[in-house]
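>>> with the sequence up front, the predicted model follows.
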Amino acid sequence: MKRLVNMIKDMPEELHISKVDFLLTVAISVMAGSIIGMLISPRKNQRFGVCGNQVYNYGEQSDGEIEEE
């Protein structure tokens, strides 16, 4: 803890960084934020069981679509 306090006290008031270092820092922050956001966000399309009391007829024709031959 003392090391951390001493390091903060010894830091210069003005810190000069190059453009490349700044752009890399911004890029890494954006990528890390995106990954963390994807990991902790709730799943929007996840369903358990039958949700919404809807009947799903995959591949079947409804009564109105039946063609008479």
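Received, thanks. Residues are numbered from 1 along each chain as shown.
>>> rest of the way, CA atoms for contacts and neighbours
Fine.
>>> show me what contacts P12?
By Cα atoms under 8 Å, 6 or more residues apart in numbering, the contact list for P12 is empty.
>>> pLDDT on the strand or helix carrying T25, on average?
Secondary structure assignment for T25, by DSSP states H and E: helix 19-40. Averaging pLDDT along helix 19-40 yields 94.
>>> other residues contacting that helix?
Looking at helix 19-40 with Cα under 8 Å, 6+ apart, no contacting residue turns up.
>>> again, only this time at 10 Å
Residues outside helix 19-40 that contact it (Cα atoms under 10 Å, 6 or more residues apart in numbering): H16.
>>> just the C-alphas of the helix or strand hosting K9, formatted as CSV.
Here K9, judged by DSSP H and E, is contained in helix 2-10. The C-alpha trace of helix 2-10 is given here as CSV (Å, rounded to 0.1, in the frame of the first residue of the first chain):
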residue,chain,number,x,y,z
LYS,A,2,2.9,2.4,0.8
ARG,A,3,4.4,1.6,-2.6
LEU,A,4,1.2,2.6,-4.3
VAL,A,5,0.9,5.8,-2.4
ASN,A,6,4.5,6.7,-3.1
MET,A,7,4.1,5.9,-6.8
ILE,A,8,1.0,8.3,-7.0
LYS,A,9,2.9,11.0,-5.1
ASP,A,10,5.9,10.7,-7.4
